[in-house]
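# Sequence and predicted structure, then a few things I'm wondering about:
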Amino acid sequence: MTVTMFEAKTRLSELVQKAQAGEEIIITSGREKTPVARIEPVKQPKVRRLGLIADPGYTFSDSFWDPLPEEELVLWEGGA
């Protein structure tokens, strides 16, 4: 659907509803009918859960919180 700027101002809520329903709305400048804007729905971001948070029932083993062995700690800190 193509509408002029004046029509868009007077019918904005109707045009937004049509865009949300999937219709393409093009707004043109006055007499020239040159396309200047498009009304489209905003894409809603997906809610993402990261890592272990994705499984709310997950529990860490008791050893998870133990300090790292010295050899592994040296590697994490950039040692050889």
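That came through, no problem. Small disclaimer: the values here were computed from a predicted structure and weren't measured.
# name the helices or strands packed onto the helix or strand harbouring Glu7?
For Glu7, the host element (DSSP states H and E) is helix 5-10. Helix 5-10 sits against strand 25-28, strand 35-39, with contacts defined as 3 or more C-beta pairs under 8 Å, 6 or more residues apart in numbering; DSSP states H and E. Placement of C-beta: from N, CA and C, glycine included.
# Show the secondary-structure elements that the shortest one is packed against.
The one in question is strand 25-28. strand 2-4, helix 5-10, helix 12-20, strand 35-39.
# if you set the cut-off to 7 Å instead, what comes out?
Contacts defined by 3 or more C-beta pairs under 7 Å, 6 or more residues apart in numbering; DSSP states H and E place strand 25-28 against strand 2-4, helix 12-20, strand 35-39.
# Quick one: closest of the ones you listed to Asp66.
Using C-beta to C-beta as the measure, helix 12-20 is the one of the helices and strands packed on strand 25-28 that comes nearest Asp66, at 53.1 Å.
# how many degrees apart are the closest one and strand 35-39 in direction?
Going by axes from the mean of the first three to the mean of the last three C-alpha atoms, to 10 degrees, helix 12-20 is angled at 70 degrees with respect to strand 35-39.
# What are the contacting residues of helix 12-20?
Residues outside helix 12-20 that contact it (C-beta atoms under 7 Å, 6 or more residues apart in numbering) are Met1, Val3, Ala8, Ile25, Ile39, Glu40, Pro41.
# how about the CA coordinates for that helix, as PDB?
Once non-C-alpha atoms are left out, helix 12-20 reads as follows in PDB (Å, rounded to 0.1, in the frame of the first residue of the first chain):
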ATOM      1  CA  LEU A  12      -1.100   6.600  11.300                       C
ATOM      2  CA  SER A  13      -2.700   4.200  13.800                       C
ATOM      3  CA  GLU A  14      -4.500   2.300  11.000                       C
ATOM      4  CA  LEU A  15      -1.400   2.100   8.900                       C
ATOM      5  CA  VAL A  16       0.700   0.800  11.800                       C
ATOM      6  CA  GLN A  17      -1.900  -1.900  12.400                       C
ATOM      7  CA  LYS A  18      -1.700  -2.900   8.700                       C
ATOM      8  CA  ALA A  19       2.100  -3.000   8.900                       C
ATOM      9  CA  GLN A  20       1.900  -5.200  12.000                       C
END
